[in-house]
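Q: Here you go, sequence then predicted model.
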Amino acid sequence: MPGRLSLLHAGPQGVAAPPPASSLLTGLATFWEGADASGNMLDSVGTEHLTDVNTVTSGAGRPVGGTARHFNATDGEHMLRANDAIVLPGTGSLAVAAWVNHDTVSIHQGIAGIFGPGGSYSYLLYFDLGSTKYYFYASANGSGLASAVWPTTPTVSTWNLLIGWFDVTAGTINLQVNNGTPVTAAFTGPLFASPSPFYLGRWSSGEYMNGRMAGVGLWKSASGPPLSSTQRSALWAGGNGVLYPFTGVP
Amino acid sequence: MTKDEILAECDAKAAEWLPLLESYVEGHLATHGRYWQGLKSHTVTPADGEEERPDVGAKHPHDQAAEWPPALRNALLPFAATVDVYGEGTGVGYTVTLAVVIEGEEWTRVENEGPLGWLARPWAALDHGVLA
């Protein structure tokens, strides 16, 4: 049956080529989507899983879909892991991005980072009650602090994309919320190689997150910004967010 | 009392009180399938070696019915205590954090029972007021 043989050897003609891999995969060290309904928060990239402390629950995710992890501050719920080469900053640039949705903004809230106790600060995304602003803190020696402060107070029950980063080439730390114009401060790195744990939803002195988090990731690069403005816009996706592995995202 | 004397006094009290707490935490695992979580025992952390009775009362985490047992919360303590429960499957464990204020500065010590041994640490000053 010549026709049948022709079909068998036809090959993949007519099959669309897969889309190119997203630029968001470049430099991506770890990504915690928040898709786990309960228990530990699993790393989508590798095995950098976070350990659940005090039973973090789950809730509705971002507009793009999926779910989020829901942190109850009163119960001290958070995630942690021992630090290692993946969450430690190394000598280059580092970005930490997190989608957050507060139930309340009436308390201090540690969001993500390696920070303390005293003399062992590295980097931290943080909500400060006193000023009601987001901060990105960085330290080069474990004790001295630099910060970039976002000028707008967040509202509760609203998803916000926070991206804090250190650019080793520019000598700056930066904070961007919801794809706005980044706030920049001078900072001579590299970031401190702290022995402290990596925390999600608190920092070493407590001050727990009260609300949901999803799409938390770390990006690194040897030089320049760890995420370009194009990549940060892609992560924002018009306020909808994107889900790992960012299929179809430029 | 000096800082070292206060911390030594806390250690001495912990040596007799912690076994009772750990027995209760682990008994909860046997009867409920998970370690018992204890919210912070004192609203105001005891200071400068003064012993205070916990005021946590009947408070408990939203997903756990058991509160602090009277035998533990009726004790006079020079520190506050918090029990955090971690992990899932075979990787479960818990920590007990003791906290005391000395001359306005809060110090904590962490005891760990479980696979995350690196969570345990001796007394260290916290960093309240460092940020913002």
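A: Arrived safely.
Q: Poorly predicted segments of chain A, please.
A: Scanning chain A for pLDDT under 70 picks out the ranges A:1-13.
Q: Which residue comes closest to the spatially most central residue of chain B once chain neighbours are left out?
A: Nearest to the mean C-alpha position of chain B, by Cα atoms, centre = their mean, lies residue B:81 at 2.4 Å. If the residues on either side of it in the chain are set aside, residue B:81 comes closest to residue B:41, at 4.8 Å by Cβ to Cβ, 6 or more residues apart in numbering or on different chains. C-beta coordinates here come from the backbone N, C-alpha and C atoms, glycine included.
Q: Kindly export the particular helix or strand that has the residue nearest to the centre of chain B in it (C-alpha atoms) in CSV.
A: Per DSSP states H and E: residue B:81 is located in strand B:80-86. Only the C-alpha atoms of strand B:80-86 are listed here, as CSV (Å, rounded to 0.1, in the frame of the first residue of the first chain):
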residue,chain,number,x,y,z
ALA,B,80,7.7,33.3,77.3
ALA,B,81,7.5,30.1,75.3
THR,B,82,6.2,29.4,71.8
VAL,B,83,5.9,26.0,70.1
ASP,B,84,6.1,25.9,66.3
VAL,B,85,5.4,22.7,64.4
TYR,B,86,7.0,22.0,61.0
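Q: tell me which strands and helices that strand is in contact with?
A: Here strand B:80-86 touches strand A:51-53, helix B:3-32, strand B:93-102, going by 3 or more Cβ pairs under 8 Å, 6 or more residues apart in numbering or on different chains; DSSP states H and E.
Q: Which SSE is immediately downstream of the shortest one?
A: What that stands for is strand A:51-53. Scanning onward from strand A:51-53 (DSSP H and E), the first element met is strand A:57-62.
Q: ditto for the second one
A: Going down the chain from helix B:3-32, the next helix or strand is helix B:70-73, by DSSP H and E.
Q: pLDDT on that next one, on average?
A: Helix B:70-73 carries an average pLDDT of 94.
Q: Report the buried residues of it.
A: By neighbour count on 16 or more other Cβ atoms under 10 Å in any protein chain shown, the buried set for helix B:70-73 is B:72, B:73.
Q: got it, and stretch B:91-105?
A: Here stretch B:91-105 shows B:92, B:93, B:94, B:95, B:96, B:97, B:98, B:99, B:100, B:101, B:102 as buried, counting by 16+ other Cβ under 10 Å.
Q: which of the residues you listed lies closest to residue B:51?
A: residue B:100 (10.7 Å; Cβ to Cβ).
Q: who's in contact with the closest one?
A: Contact partners of residue B:100, counting by Cβ atoms under 8 Å, 6 or more residues apart in numbering or on different chains, are B:6-7, B:10, B:45-47, B:49, B:78-80, B:106-108.
Q: which of those has the most neighbours?
A: residue B:79 (28 neighbours; other Cβ atoms under 10 Å in any protein chain shown).
Q: how near is whichever residue of chain A sits closest to chain B to residue A:110?
A: Taking Cβ to the nearest Cβ, chain B has its nearest neighbour within chain A at residue A:128, 3.7 Å off. Counting by Cβ to Cβ, to the nearest Å, the gap from residue A:128 to residue A:110 is 10 Å.
Q: Looking at those two, which one has more neighbours?
A: Between residue A:128 and residue A:110, counted using other Cβ under 10 Å, the more crowded position is residue A:110 (25 against 18).
Q: What's the first helix or strand after the helix or strand harbouring the more buried one?
A: Of the helices and strands defined by DSSP H and E, residue A:110 is found in strand A:109-115. Next in sequence after strand A:109-115, counting helices and strands by DSSP H and E, comes strand A:121-128.
Q: what's next to that next one, contact-wise?
A: When contacts are defined by Cβ under 8 Å, 6+ apart, strand A:121-128 is touched by residues A:88-89, A:94, A:96, A:98, A:102, A:105, A:108-115, A:133-139, A:142-143, A:145, A:154, A:162, A:164, A:166, A:191-194, A:196, A:203, A:207, B:131-132.
Q: Now the buried members of those residues.
A: With burial judged by 16+ other Cβ under 10 Å, the buried subset of these is A:88-89, A:94, A:96, A:98, A:102, A:105, A:108-115, A:133-139, A:142, A:145, A:154, A:162, A:164, A:166, A:191-192, A:194, A:196, A:203, A:207, B:131-132.
Q: Pull up the residues of chain B that are close to chain A.
A: Residues of chain B lying near chain A by Cβ under 8 Å from any Cβ of the partner chain: B:37, B:39, B:61-63, B:82, B:84-89, B:91, B:116, B:118-119, B:124-128, B:130-132.
Q: how about the helices in chain A?
A: Ranges of helices in chain A, per DSSP state H, are A:2-8, A:229-236.
Q: How about residue B:96: what's its closest non-neighbour residue?
A: residue B:111 is the one closest to residue B:96 (Cβ to Cβ, 6+ apart), at 4.5 Å.
Q: Using the three-state scheme, assign the one you found.
A: strand (DSSP: H, G, I helix; E, B strand; the rest coil).
Q: Now for it: which residues touch it?
A: Counted by Cβ under 8 Å, 6+ apart, residue B:111 has contacts B:18, B:95, B:96, B:97, B:98, B:120.
Q: Look at the fifth one and report its pLDDT.
A: We have a pLDDT of 98 for residue B:98.
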